[in-house]
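J.: Give the three-dimensional model of this entry:
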Amino acid sequence: MKKVLLNLSALLLLISLSALDLNAQIRTPAPSPSSEIKQAVGLTDVTIAYSRPGVKGREIFAEDGLVPYGKPWRLGANAATKFSFSEDVEIAGTGLKAGDYAVLATPTAEEWKFMFYPYESGNWGSYVEKEPAATISVKPRTWDNKVETMTFMIGNVQPSSADIMFFWDKTAVILPLQVNTDEQVMSSIEGVMDGPSQNDYYAAATYYHESGKDLNQALNWIEKATAGKNPRYWQVRRKALILADLGRKEEAIKAAEMSMQLAIEAGNEDYVRMNKKSIDEWSK
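T.: Sure, this is the predicted structure:
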């Protein structure tokens, strides 16, 4: 009986170890880890999904390099790099419709060609023989500091523009991006003006004021935004700024004094200080 129990225990131990062996998985870092960057440029969302290979002591861009000159490349590792735009854009002056694109590149020492294909899958080879939706040519630059891991960045972000920047080894490539922010905002303004809310009037007035458009129209909208029994201190502050830019300093001071009082009641010291400073400047 004792021998039977010992054999049973050994059998159970063996089964347990076998189960552990089946479930065990060794995790190791990916050689070229995946990455995704997202950036709002004006009202347009830009996303780049790609895999990031490293230099690892290799020659990268050359006739016989890891990425040979003159041949299409998936612009990363593992799969085709994916660019996504929520609105229509221009890259280096070439228009692209909103949507997802598989992007391949053909590098040379003097010029890089970027080919944008409507995205179907990450299988980059399936795009090589197809006609791209757009082809964009730019000149590469030599980067002083070696970048070990291939990197995309979106920098120099402005309301209507940005730079899509590529870095790897000692090569940099910049793709200038333009978006239709003004057209989008103007369309939004026109679309809601038939029945705008107080906040809509404020947003429209602020955009006109900050974009240097018709200040009289901006004033008309901000007066509608601040009409009624409960104007907000930040809205009245905008009215003061518009009046000041129209050269109507006395009215601007009165509006700033009202904004300051509302800010005091709301406990917002920043707006109290801003209005006090403006009143001092406009009173000179």
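J.: can you list the domain ranges for the chain.
T.: Domain assignment for the chain, taken from automatic domain parsing, gives 34-179, 182-282.
J.: Tell me which of those domains lies nearest to residue 27.
T.: Closest of the domains of the chain to residue 27 is domain 34-179, at 15.1 Å (criterion: Cβ to Cβ). C-beta coordinates here come from the backbone N, C-alpha and C atoms, glycine included.
J.: still on that earlier bit, so can I have JSON lines of the domains of the chain showing distance to residue 27, mean neighbour count and mean pLDDT?
T.: JSON lines is the format used below for the domains of the chain (distance: least, Cβ to Cβ, whole Å; neighbours: other Cβ atoms under 10 Å; pLDDT from 0 to 100):
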{"stretch": "domain 34-179", "distance to residue 27": "15", "mean neighbour count": "16", "mean pLDDT": "94"}
{"stretch": "domain 182-282", "distance to residue 27": "44", "mean neighbour count": "17", "mean pLDDT": "93"}
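J.: In JSON lines: those domains, plus distance to residue 25.
T.: Output for these, formatted as JSON lines (distance: least, Cβ to Cβ, whole Å):
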{"stretch": "domain 34-179", "distance to residue 25": "19"}
{"stretch": "domain 182-282", "distance to residue 25": "48"}
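J.: Between those domains, which one is closest to residue 28.
T.: Of the domains of the chain, nearest to residue 28 by Cβ to Cβ is domain 34-179, at 14.8 Å.
J.: what about stretch 177-185, distance to the chain center?
T.: In terms of Cα atoms, centre = their mean, to the nearest Å, the centre of stretch 177-185 is found 14 Å from the chain centre.
J.: contacting residues around it?
T.: 41-44, 46, 87-91, 93, 154, 159-164, 207, 211 (Cβ atoms under 8 Å, 6 or more residues apart in numbering).
J.: For it, measure first residue to last.
T.: End-to-end distance for stretch 177-185: 18 Å, by Cα to Cα, to the nearest Å.
J.: Repeat that for stretch 92-110.
T.: For stretch 92-110, the end-to-end distance is 17 Å (Cα to Cα).
J.: how much distance is there from it to the middle of the chain?
T.: Here the centre of stretch 92-110 is set off from its chain's centre by 17 Å, with Cα atoms, centre = their mean.
J.: Then stretch 206-221?
T.: Put simply, stretch 206-221 sits 27 Å off its chain's centre (Cα atoms, centre = their mean).
J.: Also stretch 148-159?
T.: Using Cα atoms, centre = their mean, the mean C-alpha position of stretch 148-159 is found 9 Å from that of the whole chain.
J.: ditto for stretch 225-239
T.: Distance, centroid of stretch 225-239 to centroid of chain: 32 Å (Cα atoms, centre = their mean).
J.: Alpha carbons only: can I get it in CSV?
T.: Taking Å, rounded to 0.1, in the frame of the first residue of the first chain, the C-alpha atoms of stretch 225-239 are listed here in CSV:
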residue,chain,number,x,y,z
ALA,A,225,-21.7,86.0,-25.6
THR,A,226,-21.6,88.4,-22.6
ALA,A,227,-25.2,89.5,-22.9
GLY,A,228,-27.6,88.4,-20.1
LYS,A,229,-27.4,88.1,-16.4
ASN,A,230,-24.5,85.7,-16.0
PRO,A,231,-21.5,86.7,-18.2
ARG,A,232,-18.3,84.8,-17.5
TYR,A,233,-15.1,86.6,-16.4
TRP,A,234,-13.1,85.1,-19.3
GLN,A,235,-15.7,86.1,-21.8
VAL,A,236,-15.8,89.7,-20.6
ARG,A,237,-12.0,89.7,-20.6
ARG,A,238,-12.1,88.8,-24.3
LYS,A,239,-14.5,91.7,-24.9
